[in-house]
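Novice: okay, predicted coordinates and the sequence, questions at the end:
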Amino acid sequence: MALQYLAEAVITVLTPVNLLFLFLSTAAGLIMGVLPGLSATMAIALLTGLTYNFPTQSALIALLGVYVGCISGGCQSAILLNMPGTPASAATAMDGHPIARRGEGGMAIFLATTSSCLGTMLSVVFVLTLTPLLTSFALKFRSWEFFLLSIFGILICGTLTAQGNAVKGWISGALGLLVAMIGQDAVDTFPRFSYGSVNVQAGIQLIPVMIGLFGFPEIVKSFRKNTSEEVLTLTRFRFGEGIRTIARNSLAIVRSAFIGVGVGIIPGVGEDVGGWLSYWATKTYSKDRDSYGKGNPKGVISAETGNNACIGGAIIPVLSLAVPGSAPAAVLLAAFFMHGYRPGPLLMRESPDFVYNICVYLLFASVAMWVLALGMAKLTVRVLTVNKKILMPVIYILCIIGAYLINYNLFDVKVMFVFGLLGLLLSYMGVPAAPFLLGVILGPMCDSNLRRALNLSNGSFAPMFQRPICIAFLIVIAFMILSQIGVFKLLFRKKGKETE
Amino acid sequence: MDKKTRDCLFSLMLMLFGGVVLHQGLAIVKRAAQPPYRIAEFSMSPGMLPTVLGGCLVFFSILLLINTLRGEPRKGAALTAHLKTVVVHIRQAFFDADMQSMAASVAIMAFYTFVLLGNIPFAVGAAIFLIGLMLFLRSAKIWVILASSGASIIAIMLLFEKFFKTTLP
């Protein structure tokens, strides 16, 4: 049966229209990825709105194409500009730019692009194998488990994205949850925080919030007075030498793919962490650690494999638990819902072909990315010279259209603007936006499952402490909170003093 | 503004906001207890989670404030110093070229979003917005601005109205 689904997906993607969508969206993703400031999340959020009226499969192909293109495209500006096009490519700049500085920019881009392609392809293997396993495990989940899973997702995302201050990440997640509470509640249809407005009573749409949070701040930041960068030129390279370098580093590629997938599975933790962890692991296991940061090709290969492997990793919990593994995957989850799919434990029963479709689309997107990124490298690199003060106002118009097309309602555009201002404030305060987004996405799941569970238990929390999976979640959550607020440090310090 | 001062300002703002959410959450609990809903039990009320979230926000903001003031011998004086820095920073921001440019751009974007959009045809509104913003930012020479704005609007309209068959605002 699986082979039949895979064959059908291949046939779907090979139709002329879908191939056109695949290449166009991947090219668009590459260009957006190349441009510093346009993130993958923003690109997918924008495209979700724009592809709303597309046939479902074409829309999915386009969304995955732009996702893969964007994450991979970021390496070009990281290498030639020392400024990552997307946060995912931050680790690539460490060694990529020094390689370009010594006149081997073309080789660095080839290595990065090929590793990106391999990273995505390897992650697809994990999607195919882990998703059915995780889905069958998730069938044991009931309301209490789903409630705790959503809380766990938001907390771990907050912990890992807040760069040393987990409280800020949790605040961001709590604010996101709060936004999800706006409008009629799912159980009693009681209007919350709507203050008589019919538009607000219908709830806050996810796409305008996403476009506002991730797109708006980048647009406004590009309007600063002084912004100038030196772009290095693309140089020729020998294809055979590039392939040999990739083959020599196959172990680093496989290790980075494992790390990338692992990081991707953790809710809300994005491709940037995958890239950095893979880079760090390769450096740690390397004999010549001093050469890292000075133009070691292994650094570029591991960072790019790691961040692209995150794509597949992040999609695994989306498909099996309806919990996004990264911010772009969160947008993708919303897009899946919009196109009539219900990711989660029942996905393999309701739409068994969906997982295989996604895998095949990802594979084709990674191949399209490789062909386009190398074929159009000279063109995409020229995008870096485009004046951002001309480009960004046009991007704002596209943001407006993206927000508007969800419901053909101007209220959504205003919501996008308001959340854009909030995104700007969060960015200025150093508060990560990813947990906020995860809060908005998981809010309905958290609220409705908690209320349903409490209704069934007549308002008692006791059943939560009687279920093994719930107890496991509670222990992990308690451990995470206590460790982050320094309770363990305090305890160990006291113990140390007593023994002294 | 340094990181600690920013965290201090954020925690104070959040404390206030958390208080408002807490109050509004309790108001929802009260309203839900009345007809036609009659949900008297707090744990089953639609206001329970918002109230808990309001409490969490207040608790987290206190934690953040404690983190900010950790290591300071005189907490009160440190808090006052942070607030003074905020006031100085706000004053300086008025004269900062980057801030001025970004604030004015946001104002132009707000004017387009809240006033022009939906009240005049899309092409006219978009043209006013693009040309106005690019002129303000001095993005390029006037003819480049006019040409790029015109080309962008035509491309967007062709793509969405003719190719995707959608209606633009």
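Specialist: Everything's here; your move. All values reported here derive from a predicted model rather than from experimental measurement.
Novice: quick check: phi and psi on the spatially most central residue of chain B?
Specialist: By C-alpha atoms, centre = their mean, the mean C-alpha position of chain B lies nearest to residue B:106, the distance being 10.9 Å. With angles defined as degrees, to the nearest 10, residue B:106 sits at phi -60, psi -40.
Novice: got the contact list for it?
Specialist: A:220, A:421, A:424 (C-beta atoms under 8 Å, 6 or more residues apart in numbering or on different chains). C-beta here means a position set from N, CA and C on the backbone, and glycine is covered the same way.
Novice: apply 10 Å and report the result again.
Specialist: Residues in contact with residue B:106, defined by C-beta atoms under 10 Å, 6 or more residues apart in numbering or on different chains, are A:216, A:219-220, A:223, A:417, A:420-421, A:424.
Novice: give me the below-cutoff pLDDT ranges for the stretch 201-350 of chain A.
Specialist: Along the stretch 201-350 of chain A, segments meeting pLDDT under 70 span A:226-236, A:268-269.
Novice: what does it put close to chain B?
Specialist: For the stretch 201-350 of chain A, the residues in contact with chain B (C-beta under 10 Å from any C-beta of the partner chain) are A:216, A:219-227.
Novice: just the buried members of these?
Specialist: Buried subset of those (neighbour count, 16 or more other C-beta atoms under 10 Å in any protein chain shown): A:216, A:219-224.
Novice: the residue lying closest to residue B:128 once chain neighbours are set aside - how many residues pack around it?
Specialist: Excluding its sequence neighbours, the residue lying closest to residue B:128 (C-beta to C-beta, 6 or more residues apart in numbering or on different chains) is residue B:116, at 6.3 Å. Neighbourhood size, residue B:116 [other C-beta atoms under 10 Å in any protein chain shown]: 18.
Novice: do the same with residue A:156
Specialist: Neighbours of residue A:156 under the rule other C-beta under 10 Å: 22.
Novice: ok, back up a step: so can I have TSV of the residues of the stretch 201-350 of chain A next to chain B showing distance to residue A:368 and secondary structure?
Specialist: Below are these laid out as TSV (distance: C-beta to C-beta, whole Å; DSSP: H, G, I helix; E, B strand; the rest coil):
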residue	distance to residue A:368	secondary structure
A:216	29	helix
A:219	28	helix
A:220	32	helix
A:221	30	helix
A:222	28	coil
A:223	33	coil
A:224	35	coil
A:225	39	coil
A:226	37	coil
A:227	31	coil
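Novice: farthest-apart pair in those residues, please.
Specialist: Largest separation among those by C-beta to C-beta: A:216 and A:226, giving 21.0 Å.
Novice: picking up where we left off before, quick check, pLDDT for the residue nearest to the centre of chain B.
Specialist: Residue B:106 is assigned 94 on the pLDDT scale.
Novice: so, low pLDDT: which residues of the chain?
Specialist: Since you didn't name a chain, this refers to chain A. Scanning chain A for pLDDT under 70 picks out the ranges A:36-38, A:83, A:226-236, A:268-269, A:380-381, A:383-384, A:488-490, A:492-500.
Novice: oops, wrong one, chain B.
Specialist: B:164.
Novice: the residue nearest to residue B:128 and residue A:406, how far apart?
Specialist: Counting by C-beta to C-beta, to the nearest Å, the gap from residue B:116 to residue A:406 is 20 Å.
Novice: next one: residue A:237
Specialist: Where residue A:406 is concerned, residue A:237 sits at a distance of 44 Å (C-beta to C-beta).
Novice: so those two - more neighbours on which side?
Specialist: Taking other C-beta under 10 Å, residue A:237 and residue A:406 do not tie; residue A:406 has more neighbours (20 against 16).
Novice: turn the buried ones among the residues of the stretch 201-350 of chain A next to chain B into a markdown table, including distance to residue A:339.
Specialist: Listed next are these as a markdown table, based on distance: C-beta to C-beta, whole Å:
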| residue | distance to residue A:339 |
| --- | --- |
| A:216 | 25 |
| A:219 | 27 |
| A:220 | 31 |
| A:221 | 32 |
| A:222 | 31 |
| A:223 | 34 |
| A:224 | 38 |
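Novice: would you map the strands across the stretch 1-150 of chain A?
Specialist: Assigned strands in the stretch 1-150 of chain A: none (criterion: DSSP state E, counting those that start in this stretch).
Novice: cool, the stretch 151-300 of chain A as well?
Specialist: Assigned strands in the stretch 151-300 of chain A, in chain order: A:183-184, A:191-192 (criterion: DSSP E, counting those that start in this stretch).
Novice: the last one vs chain B: in contact?
Specialist: Yes: contact of strand A:191-192 with chain B is found when judged by C-beta under 10 Å from any C-beta, involving A:191-192.
Novice: quick check: residue B:74 vs residue B:80, distance?
Specialist: Counting by C-beta to C-beta - residue B:74 and residue B:80 are separated by 9 Å.
Novice: okay, strands next: where are they in chain B?
Specialist: Taking DSSP state E as the criterion, chain B contains no strands.
Novice: any buried residues in the longest helix seen in it, and which?
Specialist: If you go by DSSP state H, chain B has its longest helix at helix B:3-32. For helix B:3-32, the neighbour count (16+ other C-beta under 10 Å) marks B:4-12, B:14-15, B:17-18, B:21-22, B:24-26, B:28-29, B:31-32 as buried.
Novice: same question, stretch A:238-258
Specialist: For stretch A:238-258, by 16+ other C-beta under 10 Å, it's A:242, A:245-246, A:249, A:252-253, A:255-258.
Novice: with respect to chain B, which of the residues you listed is nearest?
Specialist: Chain B lies nearest to residue A:256 out of the buried residues of stretch A:238-258, by C-beta to the nearest C-beta, at 31.5 Å.
Novice: ok, now which ones touch the closest one?
Specialist: Neighbours of residue A:256 in contact, by C-beta under 10 Å, 6+ apart: A:115, A:118-119, A:122, A:249, A:274-275, A:277-279, A:281-282, A:298, A:301-309.
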